[in-house]
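*Asks:* Provided below for reference: sequence and predicted model.
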Amino acid sequence: MSEEIYEGVPRSKIPWYPTIDYSKCIGCGSCVDYCTAGGFGVYALEERDGKKRPIVKNPYNCIVFCRGCEDKEVCPVGAISHPSEEEIQKIIENYQKNSVI
Ligand code: SF4
Ligand code: SF4
């Protein structure tokens with residue numbers, strides 16, 4: 001399988017994916033439904049100690065610079081975050097500069 005490329009950079013070199021704050025998460029599963037409906041499949045729902053909780057199962061399926069699941073309409077408790085766009089943009093630009101032939 002060929003590797004996915006974003007702006008000339010292998011997707012696996014771009015650390016853009018969601019992080020869940022489990023101290024806030026209420027296990028509603030709406031982030032899982034939302035991302036699955038979009039066809040990205042970043043999340044999976046696991047059951048632990050009788051409680052449902054989302055896990056970031058396929059982090060590199062996350063669309064670079066998408067923050068859809070962070071929206072209050074999706075996650076009502078603000079438990080989802082992503083890195084800063086500036087940091088990720090720098091990583092992308094550094095990779096592009098250093099990989100010029
Ligand atoms: S930011 Fe977008 S692609 Fe990434 S996990 Fe959330 S909904 Fe899925
Ligand atoms: S939408 Fe937010 S509260 Fe609901 S399962 Fe996902 S992270 Fe937890």
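*Replies:* Nice, thanks for sending it over. Numbering: from 1, shown residues only. Ligands and ions are numbered 1, 2, ... in the order given.
*Asks:* Tell me where the chain has helices.
*Replies:* 30-37, 85-98 (DSSP state H).
*Asks:* what's the residue most central in space within the chain sitting at in phi/psi?
*Replies:* Centroid-nearest residue in the chain: residue 17, 2.7 Å away (criterion: Cα atoms, centre = their mean). Residue 17 adopts backbone torsions of phi -160, psi 160, taken as degrees, to the nearest 10.
*Asks:* my guess is it contacts residue 82, does it?
*Replies:* Yes: contact criterion Cβ atoms under 8 Å: residue 17 and residue 82 qualify, at 7.2 Å. Just so you know, the C-beta spots here come from the backbone N, C-alpha and C atoms, and that holds for glycine as well.
*Asks:* Can you tell me which residues in the protein are near ligand 2?
*Replies:* For the chain, the residues in contact with ligand 2 (Cβ under 6 Å from any ligand atom) are 20, 25-31, 54, 74-75, 77, 79-80.
*Asks:* Surely residue 41 is in contact with residue 35?
*Replies:* Yes: with contact defined as Cβ under 8 Å, residue 41 counts as touching residue 35 (6.8 Å).
*Asks:* Looking at those two, which is more packed in?
*Replies:* Neighbour comparison, residue 41 and residue 35: the larger count goes to residue 35, with 25 against 13 (by other Cβ atoms under 10 Å).
*Asks:* Need the pLDDT of that one.
*Replies:* In this model, residue 35 is scored at 98, pLDDT.
*Asks:* same thing with the one 4 residues further on?
*Replies:* pLDDT, the model's per-residue confidence, is 96 for residue 39.
*Asks:* Mutual contacts of residue 17 and residue 82, please.
*Replies:* Residues touching both residue 17 and residue 82 (Cβ atoms under 8 Å, 6 or more residues apart in numbering) are residue 62.
*Asks:* sorry, back to before: out of the helices of the chain, deepest packed?
*Replies:* helix 30-37 (a mean of 18; mean count of other Cβ atoms under 10 Å).
*Asks:* how distant is that helix from the center of its chain?
*Replies:* Remark: helix 30-37 is offset 12 Å from the chain centroid, using Cα atoms, centre = their mean, to the nearest Å.
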